[in-house]
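1. Predicted model, plus sequence, below.
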Amino acid sequence: MYDAAVVGAGFGGLAAAADLTYRGYKVVVFEASNELGGSAGKFERSGYRFQSGATVGMGFEPGGVLDNLFERLGLEKPPMKKLDIIMDVHLPDRTIHYYRDRHEWYKEMSRVFEGPGSTFENFYDEVFKVGQLVDQLTDKLPVFPPRTMGDYAYLLTLVNENSLRLLPYMTQTVEDRLKKHGLDQHRMFRTFLNGELMDSVQTSVEKCPAFLGFAALQTFHKGAFAVHGGLAESAAKLAAYIREHDGTILMRHPVHSIEKGEAGFILHSKRRSTFQARQVILNNSVHNLHDTLTEDLSSQSYIRPRKETAKKAWGAYIIHGGVDADVFQNTDVLYHQFIDPHHPDDLHNGGQFLLSLSEPEDRLMAPEGKRSFTLSTHTDITPWWESDHYEAEKRWMKEKLIRTVEHYFGGFTDQLDVVLPGTPVTFEKWLRRKDGKVGGYAPDGKYSWLSSYSIRTGIPDLYQCGDTVFPGAGTLGVTLSGLMAAKQAAKGLK
């Protein structure tokens with residue numbers, strides 16, 4: 001009998017398991033694949049290492065979420081490079097250097113956006129102010145949205161003069177705040193913000209709750225890092241800690257079903273093996289929840305299958321590849337975003353996409369003289385499953401993205417060494433994301449946060465973490481949700 005079972009070794013699951021192990025509990029982690037890190041994991045082909053999805057390291061700055069976790073566990077962070085320029089944002093008529101440093105960013109906004117520089121500064125002053133307030137709350141690991149009287153009672157203890165300042169931003173969208181600053185008609189600035197919000201919150205300014213959008217926008221400026229060897233190196237350190245402190249990690253052990261037993265839960269894995277645990281934390285996406293639970297347990301959850309399926313969620317089209325390093329010899333920037341300003345409301349299917357490059361000297365990621373890269377864009381899910389022309393669509397998207405990169409970095413096409421495209425079908429096959437859904441749910445209005453999911457499933461002693469629950473996508477968000485779930489599970493183990 002384990003104290004806690006964690007299903008899924010993504011960052012949320014590993015953070016939860018490491019935290020519970022640190023507290024002295026007996027923990028087992030189940031991972032269906034042979035790699036750690038989930039959507040921030042890795043795989044290797046043809047001498048290259050590729051990151052499955054997320055590539056920018058967040059939360060490693062002093063006092064950051066992952067920095068605090070590593071320090072508490074007594075772990076040394078893997079080697080990493082702090083990014084002065086988070087990314088270059090490429091539009092047909094200009095390139096925006098997205099600086100981490102606040103004052104450098106203010107100067108850059110004055111350079112690239114037409115209009116009084118003070119207007120953009122005032123908007124970002126508000127972004128930083130609100131983002132800091134959100135951080136102060138999430139650092140306390142509340143269950144949000146609250147589901148029980150205890151959740152509400154804990155939130156009440158966090159109410160003070162600062163937290164009350166958040167209320168107006170919980171009833172407005174980012175666009176409402178743009179109007180307040182007279183920036184809602186500034187097409188280029190709006191296009192830029194849409195690109196950043198689509199990347200981080202999966203939605204655009206008119207649909208994004210202001211407090212969520214501002215929290216996401218300010219996160220880039222707290223610290224962005226390129227982790228040597230990829231984010232999977234951080235996942236490996238957390239896994240090593242769990243194992244070294246009597247925790248168990250079972251690779252290639254999918255959990256097929258979970259049922260309620262007399263003393264806790266019974267988890268069924270491969271070859272009819274069973275395991276028992278008093279508490280369970282699911283890090284395998286809300287989309288997979290009802291496929292994992294028995295019918296009896298599923299009926300107890302407040303998450304209804306029909307309602308969950310109806311929620312808007314994106315898939316991803318992704319290309320992992322290798323290329324000659326000479327193609328990028330004129331830039332030190334590792335991350336590049338490409339936005340089509342002629343279709344600012346169409347930020348998926350290649351209208352907005354990211355290019356992530358390995359560091360030139362990182363031999364874990366690529367052979368000498370080569371760079372590994374990832375291209376990724378949001379995409380609608382349904383067409384990939386219904387299309388009679390799947391391979392043709394897959395090839396068309398690949399050519400579209402590569403052609404765009406070639407426009408800015410001449411020689412890219414000719415110097416390609418490895419090209420491995422993937423679609424939502426690929427994500428379901430290899431990462432077990434049902435229907436290929438990735439990145440959490442897309443907010444669709446100022447009050448959409450009210451219908452988001454917390455770590456609670458409605459089933460006592462069974463929690464969830466990951467990008468489909470608050471506080472959302474990205475390694476920073478899923479790590480926080482894992483720590484929130486661990487905190488509640490620990491209460492049940494006392």
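-> Sure, I can see it.
2. can you pull the buried residues of stretch 412-432?
-> 412, 415-418, 420-428, 431-432 (16 or more other C-beta atoms under 10 Å). Every C-beta, even on glycine, is put in place using the N, C-alpha and C of the backbone.
3. Next, the distance between the ends of that stretch.
-> Start-to-end span of stretch 412-432 (C-alpha to C-alpha, to the nearest Å) is 32 Å.
4. Can you show me the CA trace of the helix or strand hosting residue 109 as PDB?
-> Counting by DSSP states H and E, the element that carries residue 109 is helix 102-112. Output of helix 102-112 as PDB, limited to C-alpha atoms (Å, rounded to 0.1, in the frame of the first residue of the first chain):
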ATOM      1  CA  ARG A 102      11.700  45.800 -18.100                       C
ATOM      2  CA  HIS A 103      13.500  49.000 -19.100                       C
ATOM      3  CA  GLU A 104      15.000  47.500 -22.200                       C
ATOM      4  CA  TRP A 105      11.500  46.400 -23.200                       C
ATOM      5  CA  TYR A 106      10.100  49.800 -22.700                       C
ATOM      6  CA  LYS A 107      12.800  51.300 -25.000                       C
ATOM      7  CA  GLU A 108      12.000  48.600 -27.600                       C
ATOM      8  CA  MET A 109       8.300  49.300 -27.500                       C
ATOM      9  CA  SER A 110       9.000  53.000 -28.200                       C
ATOM     10  CA  ARG A 111      11.100  51.900 -31.200                       C
ATOM     11  CA  VAL A 112       8.700  49.400 -32.900                       C
END
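5. Just list what it packs against, helices and strands only.
-> strand 94-99, helix 117-138 (3 or more C-beta pairs under 8 Å, 6 or more residues apart in numbering; DSSP states H and E).
6. so where is the stretch 201-350 of the chain shaky, pLDDT-wise?
-> Applying pLDDT under 70 to the stretch 201-350 of the chain picks out residues 341-345.
7. ok so, going back, so which of the helices and strands packed on helix 102-112 comes closest to residue 338?
-> Proximity to residue 338 (C-beta to C-beta) singles out strand 94-99 among the helices and strands packed on helix 102-112, at 10.2 Å.
8. Chain neighbours aside, what residue packs nearest to residue 416?
-> With sequence-adjacent residues excluded and distances taken as C-beta to C-beta, 6 or more residues apart in numbering, residue 416 is closest to residue 323, at 5.4 Å.
9. I meant to write residue 83 there.
-> residue 224 (4.6 Å).
10. ok, the residue nearest to residue 434 when sequence neighbours are not counted to residue 417 distance?
-> Taking C-beta to C-beta, 6+ apart, and ignoring the residues beside it in sequence, residue 434 has residue 287 as its nearest neighbour in space, at 4.1 Å. Separation of residue 287 from residue 417 (C-beta to C-beta, to the nearest Å) stands at 34 Å.
11. Return the residue of the protein that is most distant from the centre.
-> In the chain, residue 262 marks the outermost C-alpha relative to the chain mean, sitting 36.2 Å out by C-alpha atoms, centre = their mean.
12. Correct me if wrong, but that one is in a strand.
-> No: secondary structure of residue 262 (DSSP: H, G, I helix; E, B strand; the rest coil): coil, not part of a strand.
13. Next, the contact list for it, please.
-> For residue 262, the contact set (C-beta atoms under 8 Å, 6 or more residues apart in numbering) is empty.
14. OK, contacts around the closest residue to residue 98 other than its chain neighbours?
-> Excluding its sequence neighbours, the residue lying closest to residue 98 (C-beta to C-beta, 6+ apart) is residue 86, at 4.6 Å. Residues near residue 86 by C-beta under 8 Å, 6+ apart: 56, 98-100, 220-221, 224, 335.
15. For burial, what's the neighbour tally of residue 72?
-> 11 (other C-beta atoms under 10 Å).
16. ok, it - contacts?
-> residue 22.
17. tell me which residues in the helix or strand containing it are buried?
-> Applying DSSP H and E as the criterion places residue 72 in helix 65-73. In terms of neighbour count (16+ other C-beta under 10 Å), helix 65-73 has its buried residues at 65-66, 69-70, 73.
18. could you give the mean pLDDT of that helix?
-> Per-residue pLDDT over helix 65-73 has a mean of 97.
19. Also stretch 19-39?
-> On average, the pLDDT along stretch 19-39 is 96.
20. could you list every residue that touches the closest residue to residue 478 other than its chain neighbours?
-> Distance criterion C-beta to C-beta, 6+ apart; nearest residue to residue 478, sequence neighbours excluded, is residue 12 at 3.8 Å. Taking C-beta under 8 Å, 6+ apart as the criterion, residue 12 is in contact with 38, 283, 465-467, 478-479, 481-482, 485.
21. what does residue 360 give?
-> Residues near residue 360 by C-beta under 8 Å, 6+ apart: 325, 371.
22. and if we set it to 6 Å?
-> Residue 360 is in contact with residue 325, counting by C-beta atoms under 6 Å, 6 or more residues apart in numbering.
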